[in-house]
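In: Need coordinates for the following:
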Amino acid sequence: MKNIYKVSLSIFFITLFSGCEDKFIELNPLDQASVGNSFTTPDDANLAVMGVYDALQSGSYPQDMAFLTELVTDNTMVQPTRIADAGRGDLRELEFFQFTDNNSYLQSRWSRLYLGISRANLILSKIDQITFPVQTLKDQYIGEAKFLRALFYFDLVRFFGAVPLSLTEIKSADEAFVLKRTPEAEVYQAIINDLNDAATNLPITYASSNIGRATKGAAKALLAKVYLTNKQPDLALPILRELTKAPYTYRLMPTYAAAFDADNTAEAIFEIQYTSSIAGEGNPYPNFFLTNDGTAGKDIYGSTFLGNTGQGINLPTQDMFDAYEPNDARRTYSIVKYFSKQEAADVYVIYKYRGVPTSANNSEDNIPVLRYADVLLMLAEAINETNHNPIPEAYDAIDLVRVRAGLLPLPRTLTYESFKTKLLEERRVELAFENHRWFDLKRFNKAEEVLSAKGYAIKPFHLLYPIPRKEVIINPENISQNTGY
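Out: Here you go, the predicted structure:
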């Protein structure tokens, strides 16, 4: 489905959200635009919900997430001859664990996530003033706003730890500047509350014209991941089991390629939607995977338009290539070796998102956020953690993913620890370049161990990124810096 974010937001959207983005970043009031007379009909509510999705889709979300979840790990790197290029300092900081509070990608993530939260809060604060023809439509919009707000806060708390928690529309500077960093436990509880509400309010499926919107299954899958991250596998387990049965119809596609050759397949639980048919609505992500030597576009994507637009960012590492077992179909689909004229050597390039763009930074490919393969691997994780032992059900779940990739089932002789190690490895190759690696290493308590052993200069305090400097400067009494920065 390629149109849910692509509505013309027209004067309503401009009026509703103009002036808000920078003000929310600075925790200033969000009522810079008059919205009282703009939020009056169900169509207005729908347009406002589209605005929250837009915050997820736009603002370099895919690139920023890739830098903060893949580039900072053993999965990807910057093209070697380009790491010293002007303007690459912020990327060098991430790749070599030299994080500073002035990193532009950290500020961008913080800003865009809070922009999405501010839009969701506005909807939830205003929606009761609208009369809906049916209650289910109102419930759906509330569910979508809460699902997306939960997703935004989930990223924030995993990146930064304790963050300001705002669940209502901010109407004055006084309200904004009393917001303090909220303890992580309270942020997680707010996320859980939102996802429980979303799961109650959202439908299981939509008509074809609305495929791509958040569903009940998406809310439940995200909730299970929140519980696993919060060290509550016993609460995640029944949710994950539920998602494998009717009325849910998720399934693995017959091949790994089939999960990506089309968007919104039966394996997709939630994807960020893109289309190249509308200006500015395409996915810019693939351009960052290309080397910058004039021929990468033709040789990799079968198109000559790209020329020198490749950024040489987020190239797979040799360690990533070597992580796959022999004959793993996921490697041949996800990574291609390419002779780079600039490097005068072979380099690896991400080939997983291969929809041929119609112009630079304008690919058709969606970005998966939650897939059924992820649910199966989380199910195996929750069983192992709950039982402290990989009982047969856990093997069954992980083996579905492995066999689909052309691999043999695991020997059913693993211990709790060895199964956990194997599961982390399996998540790495199955979900490569889908913005999971950093979060997975942290959730498995393996970030320091794994990355240090591979020569990365990671320290304990690096497990949380620094709060962007701007946020501390404008509100020093309430926004403190993370330890180590």
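In: Distance check, residue 340 against residue 412.
Out: Between residue 340 and residue 412 the distance is 44 Å, computed by C-beta to C-beta, to the nearest Å. C-beta: built from backbone N, CA, C; applies to glycine.
In: Which of those two has more residues huddled nearby?
Out: Comparing residue 340 with residue 412 by other C-beta atoms under 10 Å, the one with more neighbours is residue 340, at 23 against 13.
In: and residue 142, what does it touch?
Out: Neighbouring residues of residue 142 by C-beta atoms under 8 Å, 6 or more residues apart in numbering: 123, 124, 127, 197, 201.
In: at 7 Å what do you get?
Out: Contacts here follow C-beta atoms under 7 Å, 6 or more residues apart in numbering; on that basis residue 142 touches 124, 127, 201.
In: The first one contacts residue 145, doesn't it?
Out: Yes - using C-beta atoms under 7 Å, residue 124 makes contact with residue 145 at a distance of 5.4 Å.
In: Settle it for me: which of those two has more neighbours?
Out: For residue 124 versus residue 145, the count of surrounding residues by other C-beta under 10 Å is larger for residue 145: 28 against 20.
In: and the more buried one, what helix or strand is that in?
Out: According to DSSP states H and E, residue 145 maps onto helix 135-160.
In: Buried by neighbour count: which residues of that helix qualify?
Out: 138-160 (16 or more other C-beta atoms under 10 Å).
In: what's the nearest residue to the most centrally placed residue in the chain if we skip its chain neighbours?
Out: When C-alpha atoms, centre = their mean is applied to the chain, the residue found nearest the centroid is residue 369 (5.3 Å). The shortest distance from residue 369 to any non-neighbouring residue, by C-beta to C-beta, 6 or more residues apart in numbering, is to residue 270 (4.7 Å).
In: Then residue 483?
Out: Excluding its sequence neighbours, the residue lying closest to residue 483 (C-beta to C-beta, 6+ apart) is residue 461, at 5.2 Å.
In: OK, contacts around that neighbour?
Out: Residues touching residue 461, when contacts are defined by C-beta under 7 Å, 6+ apart, comprise 482, 483, 484.
In: Most neighbours among these, which one?
Out: Counting neighbours by other C-beta under 10 Å, the one among the contacts of residue 461 with the most is residue 482, which has 19 neighbours.
In: tell me the SS of that residue?
Out: Secondary structure, DSSP: H, G, I helix; E, B strand; the rest coil: residue 482 is coil.
In: Need the per-residue pLDDT for it.
Out: We have a pLDDT of 98 for residue 482.
In: That one and residue 463 touch, don't they?
Out: No - the pair residue 482 / residue 463 is not scored as a contact, 9.5 Å apart, by C-beta under 7 Å.
In: Residue 382: what's it in contact with?
Out: Contacts of residue 382 were listed using C-beta under 7 Å, 6+ apart, and they are 228, 233, 236, 237, 240.
In: Now, the residues you listed that are in helices?
Out: Secondary structure from DSSP state H places 228, 233, 236, 237, 240 of the contacts of residue 382 in helices.
In: Only whichever of those are buried, select them in PyMOL.
Out: Applying 16+ other C-beta under 10 Å to the ones in helices among the contacts of residue 382 leaves a buried subset, and the PyMOL line that selects it is:
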select buried, resi 228+233+236+237+240
